[in-house]
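[1] compute the structure for the input listed below.
(chains A and B)
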Protein chains: 2
Amino acid sequence: MHALLDQARTMRLYTMDAWVSDPAVLTDEPALRAALHAGARAGGATVLGEEFCVFANGAVTGVLVLAQSHLSLHTWPELALANVDLLSYGDVRGDDVLSEIRSRLGVERAAVTCVPRAVG
Amino acid sequence: MHALLDQARTMRLYTMDAWVSDPAVLTDEPALRAALHAGARAGGATVLGEEFCVFANGAVTGVLVLAQSHLSLHTWPELALANVDLLSYGDVRGDDVLSEIRSRLGVERAAVTCVPRAVG
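    Model prediction:
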C-alpha cells in the first residue's frame, strides 16, 4: 500500500499549447499518430490502445491510452495550434514526451504546464 | 476566422481528482463507461469514439473522443480515487459533465480545477 501511495504521489498532468510554423502537419493524421507514439516511446510510456478522429476541416483528435494513464492531442489547423495533454505517474519522463512531439510538429512557440494531481 | 478565434478562446481544461465512498465502482468498467457517456450527455458534448483498458488490479482507464476534444478517466481502486479530465471548447457545460460523473461514482470529496487553454 505504501508503494502504491508513493506512485500516486507522482501523478501529474502536463499540458502543452503549441503553435507550429507549418500548419500542414496539423491535418496529417499519420504524422500526428506517429508523433504521439514517438513521444510516448521517448518518455518511456507504454501504449495500450488508441482512438483517433479526423474532423471535416482536417483537424485531428487523437488519444493514446497508456499503462501510465493517457496522452492526447487536438489540432486547430486554422490557428496553427495543437493542444497536447499527458496524464501520467511513475517514471514517465513527461518533458521527453513533449520535447519529441514539439520536434515532430515543428513547434515555434509553446505554453507548457506541469500540475501535480491527486494531492487533495 | 473571427468565429474560430472566438471558439478557441473558450478552450479550457477541467480536472477532477475524486475520492469515492465505495471503491467497488472503480473496477466496474461498464458502470464507469456509462458514467463517462452520461457525463458527456449531461454537458451537451458529442461522443465520436472511445477507448477503454482494464488493468490487472481492476483499475480502468477510459477515454471518450468528443466533437469538442476529449473526456478521460483513470481509476485507482486501492486509493478510492478517480482522475477525470475534460478538454473542451464552445458551449460544453463542463460543470454538468463533472457533476453527473460525481453523482454516478458516489464521490465523497473532489478537487476540481478549470484552466483556460491556448491563451499564450
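
[2] rest of the way, CA atoms for contacts and neighbours
    Will do.

[3] next one: the helix or strand hosting A:L73 to chain centre, how far?
    Using DSSP states H and E, A:L73 sits in strand A:69-76. Relative to the chain's own centre, strand A:69-76 is displaced by 5 Å; criterion: Cα atoms, centre = their mean, to the nearest Å.

[4] next structured bit after that strand?
    Reading on from strand A:69-76 to the C-terminus, the next helix or strand found by DSSP H and E is strand A:81-88.

[5] relative orientation of the next helix or strand after that following strand and strand A:69-76 in degrees?
    Heading C-terminal from strand A:81-88, the first helix or strand you meet, by DSSP H and E, is helix A:94-105. Taking axes from the mean of the first three to the mean of the last three Cα atoms, to 10 degrees, one finds helix A:94-105 and strand A:69-76 inclined to each other by 30 degrees.

[6] could you give the mean pLDDT of helix A:94-105?
    Helix A:94-105 shows an average pLDDT of 98 in the prediction.

[7] who touches that helix?
    Contact with helix A:94-105 is made by A:14, A:16, A:18, A:20, A:25-26, A:32, A:35-36, A:38-43, A:86, A:88, as judged by Cα atoms under 8 Å, 6 or more residues apart in numbering or on different chains.

[8] the strand holding A:L73 pairs with which strands, and in what direction?
    Sheet pairing here is set by DSSP bridges, and for strand A:69-76 it gives strand A:60-66 (antiparallel), strand A:81-88 (antiparallel).

[9] okay, those in TSV with mean neighbour count and mean pLDDT next?
    Listed next are the strands paired with strand A:69-76 as TSV, based on neighbours: other Cα atoms under 10 Å in any protein chain shown; pLDDT from 0 to 100:
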stretch	mean neighbour count	mean pLDDT
strand A:60-66	24	97
strand A:81-88	24	97
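
[10] need these in JSON lines with distance to A:V47, can you?
    Output for the strands paired with strand A:69-76, formatted as JSON lines (distance: least, Cα to Cα, whole Å):
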{"stretch": "strand A:60-66", "distance to A:V47": "5"}
{"stretch": "strand A:81-88", "distance to A:V47": "12"}
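
[11] gap between A:R33 and A:V92?
    Distance of A:R33 to A:V92, computed by Cα to Cα, to the nearest Å: 19 Å.

[12] no, scratch that, I was asking about A:F52
    Distance, A:F52 to A:V92, using Cα to Cα: 22 Å.

[13] could you do A:H74 as well?
    21 Å.
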